[in-house]
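**Student:** Mind folding the following:
(2 chains)
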Amino acid sequence: EAGVAQSPRYKIIEKRQSVAFWCNPISGHATLYWYQQILGQGPKLLIQFQNNGVVDDSQLPKDRFSAERLKGVDSTLKIQPAKLEDSAVYLCASSFFRGNTEAFFGQGTRLTVV
Amino acid sequence: GIQVEQSPPDLILQEGANSTLRCNFSDSVNNLQWFHQNPWGQLINLFYIPSGTKQNGRLSATTVATERYSLLYISSSQTTDSGVYFCAVRETSGSRLTFGEGTQLTVNP
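**Tutor:** Sure, this is the predicted structure:
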């Protein structure tokens, strides 16, 4: 079974530029998560989807971050405009249901904003 | 929201030693997972253990949900065990998977 796929693996951009990350979850997984992990910290949830609906986006900086999962499968996370403090690893995860099931993570995208 | 505390924050071992990592959480949960983050940043699933005890080779985990803690045991540690170990929980009343700050494990040869 294929795991969670993310791209790109690495991205370097200048501040005020825009960037987009892509995630394809495990086949059949209805729940998709985007996490931000700043160096030395634990991952923090940015947004959670159940199929193509948003379950939790309370920690998403909506003035600059946006995410969509239009067909309930793959998802895109966008940052526009980027700030220096957005430098982090962006992790995508998926699970079969929202509830008592195991989440699996992709390899992440390491973003550096200069 | 739920609070997740992991201890110790850092742990240095000699190869072959045993260790215990702890995860405390502040509310009832219906999901608890242990992950190992390797040097390349990948989060590897170790255990899905909202309650009870599980073992997988040299690793085992126990969650006592009524007392709001979980333990990860690593026996006969190897250098490849080095990395950060995270505990993540989902509170019964919510949907978010919340992570602790991790335990940085270094195993020296």
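**Student:** tell me the contacts of the residue of chain B found nearest chain A?
**Tutor:** At 3.7 Å from chain A, B:Phe99 is the closest residue in chain B, using C-beta to the nearest C-beta. In short, each C-beta sits where N, CA and C put it, glycine included. Applying C-beta atoms under 8 Å, 6 or more residues apart in numbering or on different chains, we find B:Phe99 in contact with A:35, A:42-44, B:4, B:86-88.
**Student:** Kindly recompute the last result at 10 Å.
**Tutor:** Neighbouring residues of B:Phe99 by C-beta atoms under 10 Å, 6 or more residues apart in numbering or on different chains: A:35, A:37, A:41-45, B:4, B:6, B:33, B:35, B:43, B:86-89.
**Student:** Whichever of those residues end up buried, select them in PyMOL.
**Tutor:** Per 16 or more other C-beta atoms under 10 Å in any protein chain shown, the buried members of these correspond to this PyMOL selection:
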select buried, (chain A and resi 35+37+42+43+45) or (chain B and resi 4+6+33+35+43+86+87+88+89)
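**Student:** which one of the contacts of B:Phe99 sits closest to A:Pro61?
**Tutor:** Comparing these against A:Pro61 with C-beta to C-beta places A:Lys44 closest, at 11.2 Å.
**Student:** so how far is chain B from that closest one?
**Tutor:** Note on A:Lys44: its distance to chain B, by C-beta to the nearest C-beta, to the nearest Å, is 7 Å.
**Student:** shouldn't that residue be in contact with A:Gln37?
**Tutor:** Yes: between A:Lys44 and A:Gln37 there is a contact at 7.2 Å, judged by C-beta atoms under 10 Å.
**Student:** which residues do these two both contact?
**Tutor:** In contact with both A:Lys44 and A:Gln37: A:88, A:91, B:99, using C-beta under 10 Å, 6+ apart.
**Student:** Columns pLDDT, distance to B:Thr63 and secondary structure on top of these, output as CSV?
**Tutor:** Output for the shared contacts of A:Lys44 and A:Gln37, formatted as CSV (pLDDT from 0 to 100; distance: C-beta to C-beta, whole Å; DSSP: H, G, I helix; E, B strand; the rest coil):
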residue, pLDDT, distance to B:Thr63, secondary structure
A:Ala88, 97, 29, strand
A:Leu91, 97, 23, strand
B:Phe99, 97, 16, strand
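**Student:** Perfect, I'm done here.
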